[in-house]
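**Student:** need a structure here:
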Amino acid sequence: MMDPTPAGDSKAGPGAESGDGPSRSTGGGPRFRRVLAIETSCDDTSVAVIAHDGRVLANLAAGQDDAHRPFGGIVPEIASRNHTHHLLPLVDQALRGAALSWDDIDGIVVTSAPGLIGSLLVGVVTAKTLALAENKPFLGVNHLEGHLLAPFLRDDGYAPPAGFEYPYVGLAISGGHTSLYRIDGLGEYEVLGQTVDDAAGEAFDKFAKMAGLGFPGGARVDREARSGDPRAFAFPRAMIHEDHFMFSFSGLKTAARKALDALPEAARAARLPDLCASYQEAIVDVLLDRLARAVKAEGVGRAVLTGGVSANSRLRARAEEWARATGVQLVVPPIRYCTDNAAMVGYAGILRLNRGETSPRSLGPSPKAPLGRRREGVRAPGVRRS
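**Tutor:** A predicted model of the protein is given here:
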């Protein structure tokens with residue numbers, strides 16, 4: 001997280017006392033003061049209790065790495081089954097950890113899209129059932145919106161920097177998403193660019209599997225790369241000189257496969273740190289090039305890195321170097337709020353609840369749900385130029 005710097009015209013962030021913040025009840029306070037939030041979009045089960053000002057009162061998670069490691073990746077059926085085991089105990093633990101009862105909870109928020117359909121279904125059905133049983137309003141939230149608003153969370157160890165506010169450019173990067181947004185307010189999201197093939201996290205995971213590093217791949221590549229030379233292998237940086245904000249990582253993955261195949265088996269272990277460092281550097285170069293171009297083009301001077309891939313140590317270090325050199329106010333939330341977590345979902349939800357929004361009991365999960373409008377010229381994922 002960088003120190004704040006002046007950045008042109010702006011409006012207050014969602015926790016501020018302004019017309020853009022939560023709507024107020026006639027008593028002067030927000031109608032929704034605290035919500036319970038559920039996140040089950042992939043393999044992590046998370047439950048949080050969030051206050052209207054972004055304070056995290058509880059944020060718990062149960063991972064599944066051990067269950068999926070033998071398969072080298074996430075198995076959707078195993079993920080959804082494990083959510084059913086973890087979810088209700090986490091709800092009880094979150095309420096106890098926040099020292100609250102159901103009487104203190106004003107609403108229930110859940111990730112309803114996008115993600116693995118079976119995993120989402122467990123969370124949505126549980127949230128709707130709890131809302132019915134406890135007579136609470138209920139709201140489904142887009143997982144990506146949670147990531148974009150994660151900088152505004154706060155707890156005893158983290159708070160957004162003074163002066164950080166709308167508008168800003170957000171780079172959301174994970175195993176399933178690599179998208180660049182302009183954020184002008186709650187619900188005001190414009191897609192500036194996105195991947196046309198693999199997401200950045202997917203590129204890390206596929207390379208880790210090719211290299212025999214195991215699961216979860218991104219963290220293992222990061223760890224191995226720390227003792228390697230990022231200039232040892234000349235991997236491609238797709239579209240890096242083109243004047244747009246799109247991403248592509250499939251060619252990088254193919255180049256890494258060829259580099260691995262060209263190494264004698266006996267030399268692989270010794271060269272693995274260099275391979276990981278070079279591969280990682282190629283991804284980081286592309287991500288930061290696009291982020292820097294977008295910040296300059298939009299003229300906002302504020303940026304956010306969020307999503308699971310933003311936990312990468314090399315990306316964080318180089319992003320902070322870039323921000324210091326350019327005077328950009330950069331926020332990278334702590335890792336607990338970058339990876340999939342219910343706190344970010346709860347915050348997006350409580351803002352919308354205080355704006356008068358709720359979801360019908362008929363709401364179902366959706367595996368795909370684009371967030372915001374695409375700027376003219378931005379291609380949908382999988383669509384290449386003719």
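**Student:** pLDDT on the helix ranked longest in the chain, on average?
**Tutor:** With DSSP state H applied, the helix covering the greatest number of residues in the chain is identified as helix 265-298. Predicted confidence along helix 265-298 averages 95 (mean pLDDT).
**Student:** try stretch 166-185
**Tutor:** The average pLDDT for stretch 166-185 rounds to 94.
**Student:** Can you give me the first-to-last residue distance of it?
**Tutor:** 6 Å (C-alpha to C-alpha, to the nearest Å).
**Student:** Repeat that for stretch 34-54.
**Tutor:** Length of stretch 34-54, first residue to last, C-alpha to C-alpha: 10 Å.
**Student:** Remind me what the helix or strand just after the longest helix of the chain packs against, helices and strands.
**Tutor:** Helices and strands here follow DSSP states H and E; after helix 265-298, the next one along the chain is strand 302-306. When contacts are defined as 3 or more C-beta pairs under 8 Å, 6 or more residues apart in numbering; DSSP states H and E, strand 302-306 sits against helix 143-149, strand 168-173, helix 265-298, helix 313-326, strand 329-331. Where you see a C-beta, it was placed from the backbone N, CA and C, and this is true even at glycine.
**Student:** could the ones you listed go into JSON lines alongside mean neighbour count?
**Tutor:** Putting the helices and strands packed on strand 302-306 into JSON lines (neighbours: other C-beta atoms under 10 Å) gives the following:
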{"stretch": "helix 143-149", "mean neighbour count": "28"}
{"stretch": "strand 168-173", "mean neighbour count": "28"}
{"stretch": "helix 265-298", "mean neighbour count": "19"}
{"stretch": "helix 313-326", "mean neighbour count": "16"}
{"stretch": "strand 329-331", "mean neighbour count": "24"}
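**Student:** can those go into CSV with extra columns for distance to residue 215?
**Tutor:** Converted to CSV, the helices and strands packed on strand 302-306 look like this (distance: least, C-beta to C-beta, whole Å):
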stretch, distance to residue 215
helix 143-149, 21
strand 168-173, 19
helix 265-298, 15
helix 313-326, 19
strand 329-331, 29
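**Student:** Looking at the ones you listed, which is nearest to residue 358?
**Tutor:** Proximity to residue 358, assessed across those by C-beta to C-beta, is greatest for helix 143-149 (15.9 Å).
**Student:** Which residues does the closest one contact?
**Tutor:** For helix 143-149, contacts defined as C-beta atoms under 8 Å, 6 or more residues apart in numbering pick out 14, 39, 41, 111, 113-115, 170, 172, 174, 177, 179, 181, 183, 186-187, 189, 304, 306-307, 338, 340, 344-345, 347-348, 351, 371.
**Student:** give me that answer again for 6 Å
**Tutor:** 41, 111, 170, 172, 183, 306, 307, 344, 345, 347, 348, 371 (C-beta atoms under 6 Å, 6 or more residues apart in numbering).
**Student:** In a markdown table: the residues you listed, plus distance to residue 365.
**Tutor:** Written out in a markdown table, the entries for the contacts of helix 143-149 read as follows (distance: C-beta to C-beta, whole Å):
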| residue | distance to residue 365 |
| --- | --- |
| 41 | 9 |
| 111 | 8 |
| 170 | 24 |
| 172 | 20 |
| 183 | 24 |
| 306 | 22 |
| 307 | 20 |
| 344 | 18 |
| 345 | 13 |
| 347 | 20 |
| 348 | 16 |
| 371 | 15 |
